[in-house]
Each structure stands twice: as structure tokens, then as C-alpha cells.
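Engineer: dropping the sequence and predicted coords here.
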Amino acid sequence: MAKLVALPLLALMALLCASTPARGGDDYTAFVYAGCSQARYDPGSQYAADVDTALSSLINSAAYTAYANYTSPSTSTNLAAVHQCRSDLPAAVCGACVKSAASKLSSLCNDAAGAAVQLRACFVRYGNDSFLGRQDTTVLFKKCGGESAADTGVVAMRDAALGALAAAASAPSDQGSSYRAGAAGYVQAMSQCVGDLGVKMCTDCVSAASSQLKAGCGYASAGEVYLGKCYARFWSNAGSGGGSGVPVGGGAGAGNNGGVSGGGSGVGGGNNNAYAYGGFVPSPYTNHDESGKTLAIIIGLVAAVAIVIVFLSFVRRAGGVGGKS
């Protein structure tokens with residue numbers, strides 16, 4: 001009898017494990033946008049070797065730091081690369097995200113002299129246009145969703161939460177990162193600058209991103225905008241619906257020298273590549289262990305029910321044998 005109970009129980013536990021999402025609702029490697037330069041490099045060239053070395057270096061660095069940059073020692077290519085992860089996430093999440101981003105660059109921007117990709121938790125870029133340390137407030141991707149029926153209260157809370165981000169960006173971080181989070185009422189917000197920006201440039205970038213959201217999202221209860229060197233998001237805990245992605249300016253595109261800037265070919269935003277707000281509620285990583293606790297409770301309850309079933313079956317059999325005697 002124990003074997004007959006164990007097989008369905010194991011199957012049920014496996015089903016529960018498969019159906020329970022890990023770390024809450026965030027998919028840290030979900031695609032946001034990508035941009036590829038029109039200029040190409042020749043396979044097997046020094047530039048190709050430098051791109052491979054740069055991406056490998058970023059993948060290795062992401063295992064222990066949220067931000068890193070790489071500059072090729074080859075003066076003939078002048079290649080630079082950078083990765084930036086959401087600084088409140090563990091190194092393991094950053095490492096997995098950057099590895100996924102590098103893979104997407106290789107497939108989406110194969111042989112491109114300059115390219116950039118933004119995933120939910122990380123940003124990776126390479127090129128030879130001397131972008132390191134330079135400000136870039138070009139709007140690359142913007143999305144608004146969850147209309148709130150002209151709720152001016154949400155708008156006021158949104159503006160206050162976004163204002164808190166800009167104020168926080170101007171202050172040095174205790175963790176030495178440019179990640180910031182703010183809240184007002186039941187509206188929360190967060191922002192992240194690429195680590196090659198100084199405090200002043202980061203503040204200006206976050207302020208520009210906040211202005212884009214205030215001006216472009218109307219009464220929406222959720223929104224996000226990605227600029228060249230930073231992004232900002234806001235969302236309402238009161239609930240939000242789905243929104244449509246709005247790629248602006250064709251994504252990150254080609255500059256004259258093969259780098260990544262505005263105005264070239266880009267990938268992003270549409271229904272096939274973007275994401276829905278229903279699957280994304282940004283929250284601190286420390287909150288994501290609740291799904292594991294829930295799974296443990298469910299498994300414990302299932303195991304208890306199985307033990308009761310086995311016990312009752314044993315009692316029934318014992319009673320049947322006693323009655324026959």
C-alpha cells in the first residue's frame with residue numbers, strides 16, 4: 001500500500017515544484033530592447049576577437065560585481081564594453097543575466113561593430129565610439145500601462161515617488177551603486193544608472209527619465225523608460241493592467257563610427273519582444289523567498305494528507321481482518 005501512495009505523492013510534489021515560480025514574479029533575463037550598429041566587422045578579424053574577449057570578460061566580472069567595463073588593449077580597434085546589473089540583486093542573478101545578455105547580442109547583433117541589449121536585470125553594451133563616461137539621455141524604450149481612470153491621487157504619488165528618485169540619485173550611495181528606490185503612498189519607483197556616470201550625470205539622467213514618465217504616461221499606474229545611460233520605473237501596488245510597449249527612435253542604433261547611439265536599426269518593444277506588466281512587479285530580492293516558503297508549506301500539507309490516507313487504509317484493513325476472524 002505504501003508504494004501505491006508514494007508514486008502519486010511524488011508525482012504531485014513534482015508538479016507543485018514545476019508550477020511554483022521561483023523568486024516571485026520577476027524574470028530577470030526577460031528581454032526589453034536591443035540595438036545593433038549598421039557597421040559590421042569581419043569574422044576572424046582582430047575586432048571579432050576583441051568582441052569575444054570583451055563579452056567573456058564581462059561575463060566573468062558579473063559573477064562578483066554589478067558593474068564592470070572593459071577596454072581592449074588593441075589600439076587598432078578601440079573597443080570598449082560595459083555591463084550594469086540592478087545593484088540590489090545578488091551576484092548570482094547578475095552573472096546569469098549578463099551571460100544571457102551576451103548570448104542575445106551574439107544572436108541578435110551578429111558581427112555588429114556596436115551593440116547593446118537591456119534585459120530586466122542587466123544592461124550590456126560594446127562598441128568603438130568612446131561611450132564610456134559620456135552622458136546619454138536618448139530615449140530608447142518607453143512603456144506605460146495600467147490606466148487608473150484619471151486618478152489624480154495616483155499621479156501625485158507617482159510624481160512624488162519619481163522626485164524621490166532624482167533626489168536620491170544626487171546623494172552618494174551607502175553601497176557605492178547608482179540603484180535607487182523611492183515610494184509615495186502606494187506608488188513605488190526605482191532607477192539605475194550605468195556605473196560609468198558620475199553623481200551629477202546620473203542625477204541629470206534620472207531627472208530626464210522621470211520627466212519622460214511624467215509627461216508621457218498620463219494617468220497610467222505603471223510605466224518605465226530606458227535612456228542611453230539610465231532607466232526609471234514606477235508602479236502602483238493598487239494593481240495595474242497590461243500596457244503596450246512603445247519603442248522610441250528605433251531602439252539603440254548606429255552611429256557613424258559603428259558605435260551604438262540613436263537613429264539606427266533596433267530590436268525592441270513590439271508584442272513579440274516586449275513583456276506585459278502582469279508578469280512584472282519589481283521588488284527587493286529579499287522578498288522573493290516567499291515562494292519557497294509557500295512551496296514547503298504545500299509539500300508539508302500534501303505529505304500530512306498522504307500519511308493520514310495511509311493510516312486510515314491500514315486501520316480499515318486491520319478492521320476487515322478482525323471482522324473476518
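Structural biologist: Good, I have the coordinates.
Engineer: wait, Asn78 touches Ser72, no?
Structural biologist: Yes. Here Asn78 reaches Ser72: they are 7.1 Å apart, a contact under CB atoms under 8 Å. Using the backbone N, CA and C atoms, a C-beta is placed for each residue, glycine as well.
Engineer: neighbour count: these two, which is higher?
Structural biologist: Using other CB atoms under 10 Å, the more surrounded residue of Asn78 and Ser72 is Ser72, with 21 against 16.
Engineer: how close does that one get to Asp129?
Structural biologist: 13 Å (CB to CB, to the nearest Å).
Engineer: quick one, phi/psi of the closest residue to Arg86 other than its chain neighbours?
Structural biologist: Leaving out its chain neighbours, the residue that sits closest to Arg86 by CB to CB, 6 or more residues apart in numbering is Ala121, at 4.8 Å. Per-residue torsions, Ala121: phi -110, psi 0 (degrees, to the nearest 10).
Engineer: buried residues in the strand or helix carrying Ser211?
Structural biologist: Using DSSP states H and E, Ser211 sits within helix 199-216. Residues of helix 199-216 classed as buried: 201-210, 212-214, 216 (neighbour count, 16 or more other CB atoms under 10 Å).
Engineer: does Asp52 sit in a helix, a strand or a coil?
Structural biologist: Secondary structure state of Asp52, per DSSP: H, G, I helix; E, B strand; the rest coil, is helix.
Engineer: follow-up on the earlier one: any chance of the buried residues of helix 199-216 in JSON lines, plus pLDDT and distance to Ala63?
Structural biologist: Listed next are the buried residues of helix 199-216 as JSON lines, based on pLDDT from 0 to 100; distance: CB to CB, whole Å:
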{"residue": "Met201", "pLDDT": "92", "distance to Ala63": "27"}
{"residue": "Cys202", "pLDDT": "91", "distance to Ala63": "24"}
{"residue": "Thr203", "pLDDT": "90", "distance to Ala63": "30"}
{"residue": "Asp204", "pLDDT": "92", "distance to Ala63": "31"}
{"residue": "Cys205", "pLDDT": "94", "distance to Ala63": "27"}
{"residue": "Val206", "pLDDT": "93", "distance to Ala63": "27"}
{"residue": "Ser207", "pLDDT": "93", "distance to Ala63": "33"}
{"residue": "Ala208", "pLDDT": "95", "distance to Ala63": "32"}
{"residue": "Ala209", "pLDDT": "96", "distance to Ala63": "28"}
{"residue": "Ser210", "pLDDT": "94", "distance to Ala63": "32"}
{"residue": "Gln212", "pLDDT": "95", "distance to Ala63": "33"}
{"residue": "Leu213", "pLDDT": "94", "distance to Ala63": "33"}
{"residue": "Lys214", "pLDDT": "92", "distance to Ala63": "37"}
{"residue": "Gly216", "pLDDT": "89", "distance to Ala63": "37"}
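Engineer: and the two most separated of those?
Structural biologist: Met201 and Gly216 (22.1 Å; CB to CB).
Engineer: which sections of the stretch 151-300 of the chain are below the confidence cut-off?
Structural biologist: 151-152, 169-177, 238-300 (pLDDT under 70).
Engineer: helices of the stretch 151-300 of the chain, start to end?
Structural biologist: 152-169, 199-216, 290-324 (DSSP state H, counting those that start in this stretch).
Engineer: what's the burial count for Ala92?
Structural biologist: Counted with other CB under 10 Å, Ala92 comes out at 10.
Engineer: no no, Tyr28
Structural biologist: Tyr28: 18 neighbours (other CB under 10 Å).
Engineer: which one is it nearest to, not counting chain neighbours?
Structural biologist: Ala121 (3.8 Å).
Engineer: tell me which residues touch the spatially closest residue to Ser57 that is not a sequence neighbour, please.
Structural biologist: Nearest in space to Ser57, with sequence neighbours left out and distances taken as CB to CB, 6+ apart, is Tyr70 at 4.5 Å. For Tyr70, the contact set (CB atoms under 8 Å, 6 or more residues apart in numbering) comprises 53-54, 57-58, 61, 80-82.
Engineer: can you rerun that using 7 Å?
Structural biologist: 54, 57-58, 80-81 (CB atoms under 7 Å, 6 or more residues apart in numbering).
Engineer: can you redo those as TSV with distance to Ser236?
Structural biologist: Formatted as TSV, the contacts of Tyr70 follow (distance: CB to CB, whole Å):
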residue	distance to Ser236
Ala54	39
Ser57	40
Leu58	35
Ala80	39
Ala81	36
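Engineer: filter those residues down to just the ones in strands.
Structural biologist: 80-81 (DSSP state E).
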